[in-house]
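A.B. asks: sequence? don't have it. structure:
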C-alpha cells in the first residue's frame, strides 16, 4: 500500500467513525456529539472573518468560484456558499465526500468531489477566485505532496492584474505548533522567521500568537502556540486551539 493509499484509508475510516470530530477535534464533540448546527456555524464564522480580511486587501476581485481544499464534510464549503456563485469542495476521503453531499443538500451551489491524486489538475488553470484551506496541509504525509498541491493551487487561482503584496508571513509547520527548524528548508521554497519583540529588559522576550480561525492575536511570554478557549470578534465561540507566531 502506497503512502497516499494509507493516507486515504485513514481518512476514510475517520469519515465513517466520527467525521465532525476528525475535522474539529473539540473534546466535547467526540464520539458523534457535535451539534451539526454549531459545527457548521464555525465554518460560517471562519469564512466571514477570512473574507473580511481579504476585502481589506482588495480581494477577491470576483466572487464567482471558490475552492475548499480538504473540505471534509463541507464545513467551510458551506461557509463560502453565501459569498460565491459556485463552491467546490474536494477531499481524498470518499466517506467524507459522501457525508458532505448528504449534509449540504440545501446548498445547491456547493459541489463535492473525491480527489485521489497528489495534484489538483482535475481543475483547469485560473478557474477559482478564491482557494482556501485550513488545518489540512499539516495532515499530508510528505513534503513533496504539500509542495505539489500548493503549486497546483497557485496555477488554479485567477490572477489579478496588479501585484499582490502579502501583509503577513506564511508559516508552514508540522501539526501542533512549531518547535524546531522550518518544515520547508529548501531555498526554492523560502522560510519565514517569527518576530521576537524585546520588552522590559534586554533578556525578556514577548511573542505574538495569531489564531488561524478568527485572526485574534495573543501575547505570550514563552514560545507557545497553544490557544485557550476564546471568542471571535463577533462574540462567537472560536475553535482554534493552535495558532502561529507573527
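C.D. replies: Right, received. Where do you want to start? Remember, it's a predicted structure, so these values are computed and weren't measured experimentally.
A.B. asks: From here on, just use CA atoms for contacts and neighbour counts.
C.D. replies: Fine.
A.B. asks: what's downstream of the one helix or strand in the chain whose mean pLDDT sits lowest, the next helix or strand?
C.D. replies: Counting by mean pLDDT, DSSP states H and E, the weakest-scoring helix or strand in the chain turns out to be strand 197-198, with a mean of 42. The element immediately downstream of strand 197-198 (helix or strand, assigned by DSSP states H and E) is strand 205-210.
A.B. asks: What lies in contact with the very next helix or strand once past that next one?
C.D. replies: The element immediately downstream of strand 205-210 (helix or strand, assigned by DSSP H and E) is strand 217-220. Applying CA atoms under 8 Å, 6 or more residues apart in numbering, the external contacts of strand 217-220 come out as 206-211.
A.B. asks: and which of those residues is nearest residue 149?
C.D. replies: Nearest to residue 149 out of the contacts of strand 217-220 is residue 211 (CA to CA; 23.4 Å).
A.B. asks: check contacts around residue 87.
C.D. replies: Applying CA under 8 Å, 6+ apart, one finds that residue 87 lies in contact with 65-68, 77, 80-81, 109-111.
A.B. asks: Return the closest of those residues with respect to residue 10.
C.D. replies: Looking across those and measuring by CA to CA, the closest to residue 10 is residue 68, at 20.2 Å.
A.B. asks: The helix or strand hosting the closest one: how far from the chain's middle?
C.D. replies: Taking DSSP H and E as the definition, one finds residue 68 inside strand 65-69. How far strand 65-69 lies from its chain's middle: 11 Å, per CA atoms, centre = their mean, to the nearest Å.
A.B. asks: domain ranges for the chain?
C.D. replies: Following the assignment in automatic domain parsing, the chain carries domains at 3-156, 168-246.
A.B. asks: Residue 52 in helix, strand or coil?
C.D. replies: Under DSSP: H, G, I helix; E, B strand; the rest coil, the three-state class of residue 52 is helix.
A.B. asks: which ones are touching it?
C.D. replies: Contacts of residue 52 (CA under 8 Å, 6+ apart): none.
A.B. asks: any idea how far it is from residue 129?
C.D. replies: Residue 52 is 15 Å from residue 129, where distance means CA to CA, to the nearest Å.
A.B. asks: Bridge partners for residue 113, pull those for me.
C.D. replies: residue 90 (DSSP bridges).
A.B. asks: Just confirm residue 42 is within a helix.
C.D. replies: Yes: judged by three-state DSSP, residue 42 forms part of a helix.
A.B. asks: I'd guessed it sits against residue 238; true?
C.D. replies: Yes: between residue 42 and residue 238 there is a contact under CA atoms under 8 Å: 7.2 Å.
A.B. asks: quick one: what helix or strand has the nearest residue to residue 47 once chain neighbours are set aside in it?
C.D. replies: Once flanking residues are discounted, residue 47 sits nearest to residue 79: 5.7 Å by CA to CA, 6 or more residues apart in numbering. Using DSSP H and E, the element containing residue 79 is helix 75-80.
A.B. asks: same for that helix, what does it pack against?
C.D. replies: helix 36-56, strand 65-69, strand 86-91 (3 or more CA pairs under 8 Å, 6 or more residues apart in numbering; DSSP states H and E).
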